[in-house]
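In: Here is my input, please return the structure:
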Amino acid sequence: MSEAKLTFIHTDRMDAFLSRITPHIPFSYLWIYKKSLYGGKTVLDVGCGDGVLMSRIARGRDLEITGIDIFSKSLKAAKRKGVYSTLLKGDVVKKCEQLARNRKKYDIVFCSQVIEHITRKDGINLLSLMDKLTEKKVVVATPIGYMNQPEVFIGNNPYQYHKSGWSVKEFVRRGYRVNGVGFRLGWSETGFSRGTNSLVVIISVMFSFLLSPLAYYFPNLAAGMMCIKNK
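Out: Numbers count the residues shown, from 1 in each chain. Predicted coordinates for the structure are as follows:
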């Protein structure tokens, strides 16, 4: 097994361990994501993937969640999480177009780490569609700028490749409030947390965690962003 693969496994296990406690720690990425779901009952999870993220941030909440994803294997995994009331298979843009035509509405439309996987043309269309589908707010999380997706994260899912990059300014222009997620030096494409040295990765994760409040309030220092538009 390659050193990069071993590092991925170590950090994945660390993430699973931290997922139980970090939703309660201010400025951690799961705290930021969990906070974004407040104020609503019905949620549309656009590009839900395997449901791991939603199962972590919706834990203990009485929510009615509909998930959309194009990859069958991910949808099967999401179904096993037991967090979704409805799961829809298909291209996220086309499914959102269909939901909009049917005048469906959700308190919160949530789209995490998805828009960078589609072209900018489709992404702009998706943002407009999500505005139509929400009653209260739209939540979009994505890397800041274009970030190449490492092969270790692709797996056997051909939809995991990145096709576009997005800036803080363009979300602000669209009426979103933007906060940073993940300190750039740790979590950017060339950040220390993406390296192959396990010790360096662990130190970088801890360092980035300590600096997460700074990244939150100054998103240009962050690797990713949480963008929220209230209706």
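
In: From here on, just use CA atoms for contacts and neighbour counts.
Out: Fine.

In: And the next helix or strand past the lowest-mean-pLDDT helix or strand in the chain?
Out: Using mean pLDDT, DSSP states H and E, the weakest-scoring helix or strand in the chain turns out to be helix 3-18, at a mean of 48. Helices and strands here follow DSSP states H and E; after helix 3-18, the next one along the chain is helix 29-36.

In: Strands of this structure, residue ranges please.
Out: Assigned by DSSP state E, the strands in the chain fall at 42-46, 64-69, 86-89, 106-112, 134-143, 177-183, 222-230.

In: quick one: low-confidence parts of the protein?
Out: By pLDDT under 70, the low-scoring segments of the chain are 1-19, 150-153, 185-197, 199-205.

In: most centrally placed residue in it?
Out: S112 (2.6 Å; C-alpha atoms, centre = their mean).

In: can you pull the contacts of the closest residue to it other than its chain neighbours?
Out: Nearest residue to S112, sequence neighbours excluded (C-alpha to C-alpha, 6 or more residues apart in numbering): A141, at 4.5 Å. Applying C-alpha atoms under 8 Å, 6 or more residues apart in numbering to A141 gives the contacts C111, S112, Q113, V114, G224, M225, M226, C227.

In: what residues are up against the nearest residue to the last one once chain neighbours are set aside?
Out: This points to C227. Spatially, and ignoring its direct neighbours in sequence, C227 is nearest to V178 (4.5 Å; C-alpha to C-alpha, 6+ apart). Neighbouring residues of V178 by C-alpha under 8 Å, 6+ apart: V168, F171, V172, P219, M225, M226, C227, I228.

In: List the contacts of the first one.
Out: Neighbour list for V168: I144, V178, P219, N220, M225 [criterion: C-alpha under 8 Å, 6+ apart].

In: okay, now the closest residue to H162 other than its chain neighbours: neighbour count?
Out: Among residues not flanking H162 along the chain, H117 sits closest, at 4.4 Å (C-alpha to C-alpha, 6+ apart). H117 has 19 neighbours, counted by other C-alpha atoms under 10 Å.

In: Help me confirm that H117 comes into contact with P158.
Out: No: taking C-alpha atoms under 8 Å as the definition, H117 is not a contact partner of P158, at 10.2 Å.

In: Find residues that contact each of those two.
Out: Joint contacts of H117 and P158 (C-alpha under 8 Å, 6+ apart) do not exist.

In: tally of neighbours for T142?
Out: There are 25 residues near T142, going by other C-alpha under 10 Å.

In: and it, bridged to which residues?
Out: Applying DSSP bridges to T142 yields these beta-bridge partners: M225.

In: residue contacts, it?
Out: S112, Q113, V114, I115, E116, W166, G224, M225, M226.

In: which one among the residues you listed gets closest to K132?
Out: Nearest to K132 among the contacts of T142 is I115, at 16.7 Å by C-alpha to C-alpha.

In: Excluding covalently adjacent residues, which one is nearest to the closest one?
Out: Closest to I115 by C-alpha to C-alpha, 6+ apart is G123, at 5.6 Å.

In: Quick check: the one you found touching C111?
Out: No: look at G123 against C111 with C-alpha under 8 Å: they stay out of range, at 11.1 Å.

In: Have a look at those two and say which one is more surrounded.
Out: Ranked by neighbour count (other C-alpha under 10 Å), G123 and C111 place C111 first, with 24 against 20.

In: OK, contacts around the more buried one?
Out: Contacts of C111 by C-alpha under 8 Å, 6+ apart are D45, V46, G47, C48, V138, V139, V140, A141.

In: go with 6 Å
Out: Counting by C-alpha atoms under 6 Å, 6 or more residues apart in numbering, C111 touches D45, V46, V140.
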